[in-house]
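>>> A predicted structure for the sequence below; I have some questions about it.
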Amino acid sequence: MKPNHMLLAMTLTLTIMAAACTSIERSRDLANPNVSAQTLAEQICSNCHGIGGRSISPNFPALAAQQPDYFIKEVKEFRNHSRSDPAGFEYMWGLSRSLTDEQIAGLAAYYSRQPAASQKTSEASGLTAAGQEVFEKGVASKNIPACSVCHGAQAQGQGGVPRLAGQHADYLAKQLTVFQRTDARPEGSIMKTIAHDLTEQNIESVTVFLQGLSAK
Amino acid sequence: MKASTLQTQCRYFELIPFFVCLMILGSITLSFDAQALPAFARQTGQNCVSCHAGGQFPELTPYGRIFKMTGYTIGERTLPFSAMGVINAASVADRSKSDLPADDFQKNGNPVFSSASLFIAGKVTDNIGLFSQITYDHYAGQHADGSFYGHSSADNIDLRYADRFVNERSDLIVGVSVNNNPSVSDPWNTAAAWMQYVPAASLTSHQFTDANTPYPGNSTGGNIAGISGYAYWNALVYAELGTYQTAKGLFRPMSAGMPAAETTKLKGRNNPYWRLALTHEWGPHNVMVGVSGNYAHIYDDPADTTNPNSVHRVKTTGVDGQYQFLLDPHTVTAQIAYTRQRTNYSANEIAANAGVGSPFGFFAADGITSLPDANSADTTNTFRTKLSYVYQAKYGGSAAYFNLSGTTNTANQSSGYDNTATIIVDPGTSRVNSNFSGNPAMRGMTYELFYTPIQYVRLGGQYTAYSKFNGASSNYDGLGRNAKDNNTLFLYVWAAY
C-alpha cells in the first residue's frame, strides 16, 4: 500500500472510530428524538439561556424555576410559528422545529427544578419602589390590575402564567412592548389589554423591581 | 475649497451610477422576508444574527463561538452548501501620478464581479463538523496582453472533532481541528485569519482598498496543512496548540487549485501555532484578551525544497482583545490586535546579498555611493484597532486604524537612484506601488457604512485613507506620489445563500 493510501485508510478508520465514540448523552442533534431533555438543555439551550437556565445576557430570558405549563406552551408556540416576536423567530423557531412533545415536556420539567436566577439590580430604590407599587397594586387610575393577581405574590407564576421574579428587566420590558404594540404573541392576548395603558415609566419600574425580586 | 480637493471629490463622482444601483437594489430587497438561509442557518434553523454579531460576517457572538468550538455540530444535518458573491467598484483619489494609469487603475470606477465562494459546511456526526470555502477570484491574474483571468482555489478549511462535558459544576469543550491556516480555527475575530473587512476587493481589480492595508497575521498565510488541539474551560480559558506542514500528499486538498510550485512550502512539521485567551461575560457584555504565536520555517522558493540553507524563519507573536456589547437592537464591538514579526533570512539569501549593496542596484543620491546590503533579519510591528456599531442588525458602521512599522531594508526599496543619480522604478514594480525609502511603514484609517436589508444581502461603502504608505507620508515613490493620493472609496454588494 502506498504511503498516501495508508494515510487515507488510517484517517477513514479514525473517523469511523470517532463517529462510533459519539455519545447520545452529549449529543447536539436537534432532530434525534432519543436525545434526552437534560442533554438538550446542557449542550444547546445553555449556550444562550445559561447553565441551569440562569442566563447571563439579558437578550435571553432566564428559564430556571419557570412554570412548566407556561414553558411547554411557549416552546410549542415557537414550534408552530404562532409566537413571532423578533427574539422568538430569530432564535427559537428553528431550534424548536424538530423537538418532540416528550422532549419539550422534559425540558419544562428540567428547568422547573432549577434554582431560580438571582439578578442584581443597581437601580435607584425609588424606581424599585414605584415598580413594587405597580406590581402589587396596579395602576388604579387606568384600571390596570396588579401583576401579582395572576403572577403570584412573589411573581413565581402559576400554571400557564409565567414566573417573572428574577427575570432580566430588559427582556421583560421588551416583551411588555411586544404585547402592547403588536399581535406577535397571540397566546398572551390578555396581556395586550393589561399592557395597553402602561407608560414607559411603569414598564421600566416594574421590570426593574421584578429583576431584583428573587434576590430578596 | 482647494482645487486639488475638488478634483479628488470629482474622481469619486464616477461611482455615482453604481451607488444609485445599490440604492435601487436595497429598496427591492426590502420587500423580501428572510426565508432563505445559508448552510449553518439551515442547520440550526436560526437567523444569521444568532451567531454573527449584528449580522456582521465573520464576527461571532458568544453563541457563534460555542457553535464553532463544538465542531459545527449543533442542529440537524441539512444540505451543506452555501454560496457567496461580491460585486464592487472603487475609485482612487489620484490617478495622475502613475507611469501607466491604464494598467495601474484598469477597473477604477467600474463595477466588477470580483469574487464568489462556495461553502461546504455543516454537521457530519454528533462530534464532527466541517467549514470549508472554495473561492473564485474573477481577477486572479493577467495574461500577457493585460486581460484578466479567473481562478478557483481552496480558501479557509476547518474540519473538527469536538466534545463537550457540561453540567451544573463545570463546562469543558475539547476538540481537534484539521485546517489550512494558523488561527482559522480561532473563534474570535481578532485572530489573524479573521480580523478583516468582509467583503474585500479583488486585489488585482482595485488598488488601495482596505484589503491592501496591513493586518496582523502569521507569516505562512493559508493553504498549508495543520492539526491543532484546543480546550475551552468554564467559559474562562481557551487554549490551543497545533503544528503545520506543507499541504502535500493526503493534505494536498488544503491548497487545492493552487499550483504546487506556488504554495507555501514549510520545512518539516515543526511549525507550531499556539493560542491562549481569557474570556468573561457579564450582562450584555463580553470580553476577551489573548496572546498567540507562530514559528514557521519557510523555503525561499516554493519550487525548490531541496536545499536546507534556503529556509527562512519567521517568528510571530501577538496580543489581541475584543469587547462586545450585544443587546437588541444594539451591537457594539471594539477590537484591538498587535503582532510583532521577526524574520531571519536564509543562509543562502544572506550570502547572496553580502557585499552587493542594494539588491535592485540602486545607489545613494549621488549615483555613486553604494547602499547597504540587504538585512539579514527584519522586524515588523502591525497594530490594528476597529470600533463598529450595528443597529437592528441592519444599519452599521465602523472605523478602523492600522499602523505597520518595521525595519528599513534596501531589499524593500523598489525605486531609487541609478548610476546617473536619476530616480527610477524597478521594472518589476509599478510606480504607484514602489518604495523609495526601503521602509515598510503603512498607516491610515478605514471607515465603513453598510446596510443589510435582509440577512443575506449587504450593501456597503468603505473609505480608506492613508497617512503613510510604503514608508513615507509624501513622495513615497521618489517621484512625487503621496500617501493620500491612494485614498480609495469602495462600494460593494455582497450576497450569500
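Yep, that arrived. Numbers count the residues shown, from 1 in each chain, chains lettered A, B, ... in the order given.

>>> got a list of what residue 195 touches?
Using chain A here. A:176, A:179-180, A:203 (CB atoms under 8 Å, 6 or more residues apart in numbering or on different chains). The C-beta positions use only the backbone N, C-alpha and C, and glycine is treated the same way.

>>> you looked at the wrong chain, it should be chain B
So residue B:195 contacts B:189, B:215-216, B:320, B:335, B:337, B:384, B:386 (CB under 8 Å, 6+ apart).

>>> right, and residue B:339 touches residue B:191 too?
No - the criterion here is CB atoms under 8 Å, and residue B:339 misses it with residue B:191 at 10.8 Å.

>>> ok, back up a step: looking at the contacts of residue B:195, which is nearest chain A?
Ranked by distance to chain A (CB to the nearest CB), the contacts of residue B:195 are led by residue B:189 at 18.0 Å.

>>> now the closest one: closest residue in space that isn't a chain neighbour?
residue B:59 (4.3 Å; CB to CB, 6 or more residues apart in numbering or on different chains).

>>> so residue B:366, which of the three states?
Three-state assignment for residue B:366 (DSSP: H, G, I helix; E, B strand; the rest coil): coil.

>>> ignore what I typed, I meant residue B:131.
Here residue B:131 is strand, with the state taken from three-state DSSP.

>>> that one bridge partners, please.
In this entry, residue B:131 is beta-bridged to residue B:121, residue B:158, by DSSP bridges.

>>> that one reaches residue B:155, doesn't it?
No - at 10.2 Å, residue B:131 and residue B:155 do not qualify as touching, with contact defined as CB under 8 Å.

>>> now the residue in chain A positioned nearest to chain B, what are its backbone angles?
Residue nearest to chain B within chain A (CB to the nearest CB): residue A:94, separated by 1.5 Å. The phi/psi pair for residue A:94 (degrees, to the nearest 10) reads phi -70, psi -40.

>>> how far away is it from residue A:62?
For residue A:94, the distance to residue A:62 equals 21 Å [CB to CB, to the nearest Å].

>>> and residue A:205, by the same measure?
20 Å.

>>> which of the two has more neighbours?
residue A:62 (28 against 23; other CB atoms under 10 Å in any protein chain shown).

>>> let me see the contact set for the closest residue to the more buried one other than its chain neighbours.
Nearest residue to residue A:62, sequence neighbours excluded (CB to CB, 6+ apart): residue A:117, at 3.9 Å. By CB under 8 Å, 6+ apart, the contact set of residue A:117 is A:50, A:53-55, A:62, A:64-65, A:166-167, A:214.

>>> check residue B:288 too.
B:188, B:190, B:277-279, B:320-322.

>>> can you check residue B:100 too?
Contacts for residue B:100 were tallied using CB under 8 Å, 6+ apart; they are B:430-431.

>>> if we can go back for a sec, now, which of the contacts of residue A:117 sits nearest residue B:326?
Closest approach between the contacts of residue A:117 and residue B:326, by CB to CB: residue A:55, at 12.5 Å.

>>> ok, which pair from the contacts of residue B:288 is furthest apart?
For the contacts of residue B:288, the farthest-apart pair by CB to CB is B:190 and B:278; their separation is 13.3 Å.
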